[in-house]
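>>> 3D model of this:
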Amino acid sequence: MARAALAVLLIVVVPHGSSAEPLPRIRILDPVLKSLFEHGTTQSPTLRALVEKVEAASILVFVEGGIQMPDRIGARLNFVTSINGVRYVRVDIDCTLPPRRQVALLAHELQHALEIADRSDIQDVEAMESLYEDIGFQTFEHGRHKSFETEAARAAQEAVDEELGGRTRLPSHAAY
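Predicted coordinates for the structure are as follows:
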């Protein structure tokens with residue numbers, strides 16, 4: 001059902017020709033998470049740099065907050081599709097986590113989005129898995145589903161977490 005909803009969303013937001021102002025490449029669907037993200041970009045130079053790179057890349061990142069994440073997974077990125085050279089990925093963030101952790105995990109997943117964006121040959125899930133077998137390491141496998149990790153994503157997460165820890169606390173929002 002979630003894939004069907006995202007497919008409908010993609011139809012609505014697929015770029016149609018040129019417009020006066022380009023739409024953002026990072027589209028945060030949850031208003032609370034969007035607020036955390038916006039605040040995080042004002043506090044974290046690392047997060048700002050990641051956002052600038054994503055905004056210049058041929059990838060669209062849809063971000064949603066969720067409360068039913070698998071055990072020990074705070075965030076994840078899934079490849080959705082590729083249309084006209086633009087890759088679409090979906091990031092889920094566990095919205096029950098503390099705000100600072102949510103923002104750090106979003107930075108982690110944006111790094112993964114950039115790893116995909118940097119390779120024009122990544123056009124489907126199989127190619128994405130092949131990429132991560134080359135540049136990362138597998139952390140989990142359950143049936144057909146595999147999870148991978150990279151040191152670059154871990155470093156981005158740690159940098160953002162550190163930058164946010166020494167600054168004004170992120171706004172606290174109740175989880176839904």
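>>> Next, the contact list for the residue lying closest to Gly85 once chain neighbours are set aside, please.
Nearest residue to Gly85, sequence neighbours excluded (C-beta to C-beta, 6 or more residues apart in numbering): Ser58, at 5.7 Å. Glycine gets a C-beta too; all of them are placed from N, C-alpha and C. Going by C-beta atoms under 8 Å, 6 or more residues apart in numbering, Ser58 touches Gly85, Val86, Arg87, Ala117, Ser120.
>>> For the longest helix belonging to the chain, name the packing helices and strands.
Ranked by residue count and defined by DSSP state H, the top helix of the chain is helix 99-117. When contacts are defined as 3 or more C-beta pairs under 8 Å, 6 or more residues apart in numbering; DSSP states H and E, helix 99-117 sits against helix 31-43, helix 45-55, strand 59-66, strand 75-83, strand 86-94, helix 125-135, helix 151-165.
>>> I'd like those laid out as CSV, including distance to Arg25 and mean pLDDT.
As requested, the helices and strands packed on helix 99-117 are exported to CSV (distance: least, C-beta to C-beta, whole Å; pLDDT from 0 to 100):
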stretch, distance to Arg25, mean pLDDT
helix 31-43, 13, 95
helix 45-55, 5, 97
strand 59-66, 6, 94
strand 75-83, 14, 93
strand 86-94, 9, 95
helix 125-135, 18, 90
helix 151-165, 17, 95
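>>> which residues does the residue lying closest to Glu129 once chain neighbours are set aside contact?
Spatially, and ignoring its direct neighbours in sequence, Glu129 is nearest to Lys146 (6.0 Å; C-beta to C-beta, 6+ apart). By C-beta under 8 Å, 6+ apart, the residues touching Lys146 are Glu129, Gln138, Phe140.
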